[in-house]
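Undergrad: sequence and computational prediction follow.
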Amino acid sequence: MLKRIHYNSPVILTLTLLSLISLVFGYATDKASTMLLFSVYRGSLSDILFYFRLFGHVLGHANWEHFINNFLLILVLGPMLEEKYGSKQMIKMIFITAITTGVLNIAFSNHALLGASGIVFMLILLSSFANLQKGKIPLTVILIAIIYLGEEVANIILVKDNISQFTHIVGGICGGFFGYFSGAPHQTKKNSDKNQMQL
């Protein structure tokens, strides 16, 4: 039975597993490890952990609900996009999005940031470019930008909560950038053979 289970999306599944481990450690240490390693905030440039937190914050979550809300979408969208663009490209996209949201949070906010919601919004916008044709912008991209990013802009203005809508918007912009400029998506040999057979 276990031999039939396929680790089908190594980057997305590893991200999920690492985030789950960080959450468990957070509960075990009364959130001390979450603050030390898995949240990003202003700190000393001489502290080596400062640089780790620039990426590590996407692994940290405040509680199970926060974790589940993010990774339900990541596990739905991520494997499809990892297969489409390739694991190496997916690592780059996640890393760039994490670093960008981390640096901007330090630059413009006095609050600690944690969670993978920036990655979620990056994947949402990236997925809308699935049928991108050269020189054309899919209508789905425009609709998703209006629905998801428009709602986040409205929330910034109207809602006072602990959710970083700014991070959602930046993640979405990253996804749009990757989708538009990443060029031809990665194709596995299996998919390539399949396409040739259909021709």
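TA: Structure received. Numbering: from 1, shown residues only.

Undergrad: what sits against the most centrally placed residue in the chain?
TA: In the chain, the residue lying closest to the centroid (CA atoms, centre = their mean) is residue 119, at 1.3 Å. Contact partners of residue 119, counting by CB atoms under 8 Å, 6 or more residues apart in numbering, are 15, 58, 70, 74, 94, 97, 98, 171. Any C-beta I mention is one placed from the backbone N, CA and C, and that applies to glycine too.

Undergrad: excluding chain neighbours, what is closest to residue 79?
TA: residue 9 (3.7 Å; CB to CB, 6 or more residues apart in numbering).

Undergrad: surely the one you found meets residue 82?
TA: Yes - judged on CB atoms under 8 Å, residue 9 makes contact with residue 82 at a distance of 4.8 Å.

Undergrad: for residue 113, give me phi and psi.
TA: phi -120, psi 130 (degrees, to the nearest 10).

Undergrad: from residue 97, how far out is residue 43?
TA: Distance of residue 43 to residue 97, computed by CB to CB, to the nearest Å: 21 Å.

Undergrad: more neighbours: these two, which one.
TA: Legend: neighbour count by other CB atoms under 10 Å for residue 43 and residue 97, higher for residue 97 (29 against 12).

Undergrad: can you give me phi and psi for the more buried one?
TA: Dihedral angles (degrees, to the nearest 10) for residue 97: phi -60, psi -40.

Undergrad: just residue 46 next, same as before
TA: Dihedral angles (degrees, to the nearest 10) for residue 46: phi -90, psi -10.

Undergrad: tell me who's in contact with it.
TA: With CB under 8 Å, 6+ apart as the criterion, no residue contacts residue 46.

Undergrad: next one: the host helix or strand of residue 174 to chain centre, how far?
TA: Element membership of residue 174 [criterion: DSSP states H and E] is helix 165-181. In this view, helix 165-181 has its centroid 10 Å away from the chain centroid, taken as CA atoms, centre = their mean, to the nearest Å.

Undergrad: and the gap between the residue nearest to the centre of the chain and residue 139?
TA: 25 Å.

Undergrad: before we move on, back to that, residue 9 and residue 82 - which one has more neighbours?
TA: Between residue 9 and residue 82, residue 82 has the larger neighbour count (other CB under 10 Å), namely 24 against 20.

Undergrad: and the more buried one, how far from residue 15?
TA: Distance, residue 82 to residue 15, by CB to CB: 10 Å.

Undergrad: re earlier: just the contacts of residue 119 now: which is nearest residue 5?
TA: Nearest to residue 5 among these is residue 15, at 18.1 Å by CB to CB.

Undergrad: please name the residues that touch the closest one.
TA: Shown here is residue 15, whose contacts under the criterion CB under 8 Å, 6+ apart are 58, 59, 74, 78, 94, 116, 119.

Undergrad: now swap in residue 61 and tell me
TA: So residue 61 contacts 19, 22, 23, 26, 34, 38, 67, 70, 114, 115, 116 (CB under 8 Å, 6+ apart).
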